[in-house]
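>>> sequence and computational prediction follow.
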Amino acid sequence: EVQLLESGGTLVQPGGSLRLSCAASGFTFNSYAMSWVRQAPGKGLEWISYISATEGDTWYTDSVQGRFTISRDNSENTLYLQMNSLRAEDTAVYYCAKDVCSGGSCYLDYWGQGTRVTVSS
Amino acid sequence: QSVLTQPPSVSGAPGQEITISCAGGSSNIGADYDVHWYQHLPGTAPKLLIFGNNNRPSGVPDRFSGSKSGTSASLAITGLQAEDEADYYCQSYDSNLSGSVFGGGTKLTVL
């Protein structure tokens, strides 16, 4: 059974930093790309970052480019999201998800339950 | 504002059929990138409903179906049930953004 368990979400002040983790199990982690998706209060889903299976390729949406860094430890089956210079608009539930990619396009076949990040003073 | 446009809300009575549209453009759906659909109940993990335009993952009832034509796609739900009340999102790749995007989401209300 595929399981994705996010952790690390908390209340943080504007300008602060936070690292989210996602522990994966039930599949061959190093064979799949992974992504982070967030949902701000009252808003829709937003795909914010992607990392290929072997870390050779990463992508960020414009709003987090230069502030967030996605990484993975394939020996520990764990995905990370380092978030710096946090802003109020980064307040959201953050989901990690497993990618299935074909022909340059991906979809997310398994998702975690999410971890809540609140940026406020 | 997403490059994939969905109606904010749709509604239907139990047993009826509804469709949710997803309008894109020449850099996403119209560029022949696949469209995928997700169901999201508040407080839970989003669930993959349709992948590759019209394929259902194991366990998804055949009441759910997807289609794609030109620069648009649609999700159809037949035999509406109370448990179908949720938010639904389309998703595709956009070449201008060099990444995947979700539609704005559609809230389905079962009357």
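Nice, thanks for sending it over.

>>> check contacts around residue B:7.
By Cβ atoms under 8 Å, 6 or more residues apart in numbering or on different chains, the residues touching residue B:7 are B:20, B:21, B:106. Yep, even glycine has a C-beta here, placed from its N, CA and C like the rest.

>>> what about the last one, distance to residue A:102?
Residue B:106 sits at a distance of 25 Å from residue A:102 (criterion: Cβ to Cβ, to the nearest Å).

>>> who has more neighbours out of those two?
More crowded of residue B:106 and residue A:102, by other Cβ atoms under 10 Å in any protein chain shown: residue B:106, with 21 against 10.

>>> wait, that one touches residue B:9, no?
Yes: with contact defined as Cβ atoms under 8 Å, residue B:106 counts as touching residue B:9 (6.4 Å).

>>> and residue B:45, how many neighbours?
17.

>>> tell me the pLDDT at it?
According to the per-residue confidence, residue B:45 scores 95 in pLDDT.

>>> next one: residue A:14
Residue A:14 is given a pLDDT of 97.

>>> how about the contacts made by it?
Listed by Cβ under 8 Å, 6+ apart, the contact partners of residue A:14 are A:86, A:87, A:88, A:119, A:120, A:121.

>>> and the first one, how close does it get to chain B?
Right, the one you point to is residue A:86. 21 Å (Cβ to the nearest Cβ, to the nearest Å).

>>> now that residue. Nearest residue, chain neighbours left out?
residue A:119 (4.6 Å; Cβ to Cβ, 6 or more residues apart in numbering or on different chains).

>>> wait, that neighbour touches residue A:84, no?
No: judged on Cβ under 8 Å, residue A:119 makes no contact with residue A:84 at a distance of 11.7 Å.

>>> the two - which one has more neighbours?
residue A:119 (19 against 14).

>>> and chain B, which residues reach chain A?
B:2, B:33-34, B:36, B:38, B:40, B:44-48, B:51-52, B:57, B:87, B:89, B:91-93, B:97-105 (Cβ under 8 Å from any Cβ of the partner chain).

>>> now the phi/psi pair for the most centrally placed residue in chain A, please.
Centroid-nearest residue in chain A: residue A:36, 2.6 Å away (criterion: Cα atoms, centre = their mean). Per-residue torsions, residue A:36: phi -110, psi 130 (degrees, to the nearest 10).

>>> rewinding a little: emit the PyMOL select command for whichever of the contacts of residue A:14 are buried.
To isolate in PyMOL the members of those that are buried, counting by 16 or more other Cβ atoms under 10 Å in any protein chain shown, one can use:
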select buried, chain A and resi 86+119
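
>>> drop anything exposed from the residues of chain B next to chain A.
So, by 16+ other Cβ under 10 Å, the buried ones in those are B:2, B:33-34, B:36, B:38, B:40, B:45-48, B:51-52, B:87, B:89, B:91-93, B:99-105.

>>> show me what contacts residue 87?
Since no chain was named, I'll use chain A. A:14, A:119.

>>> correction: the question concerned chain B.
Neighbours of residue B:87 in contact, by Cβ under 8 Å, 6+ apart: A:44, B:39, B:40, B:41, B:42, B:105, B:106, B:107, B:108.

>>> identify the residue with the minimum pLDDT among those residues.
residue B:42 (83).

>>> the worst-scoring helix or strand of chain B on mean pLDDT: how far from the chain's middle?
Least confident element among the helices and strands of chain B, by mean pLDDT, DSSP states H and E: strand B:99-102 (a mean of 94). How far strand B:99-102 lies from its chain's middle: 13 Å, per Cα atoms, centre = their mean, to the nearest Å.

>>> other SSEs contacting the next helix-or-strand element following that strand?
Per DSSP states H and E, the first helix or strand lying C-terminal to strand B:99-102 is strand B:106-110. Under the contact definition 3 or more Cβ pairs under 8 Å, 6 or more residues apart in numbering or on different chains; DSSP states H and E, strand B:106-110 sits against strand B:9-12, strand B:18-23, strand B:86-94.
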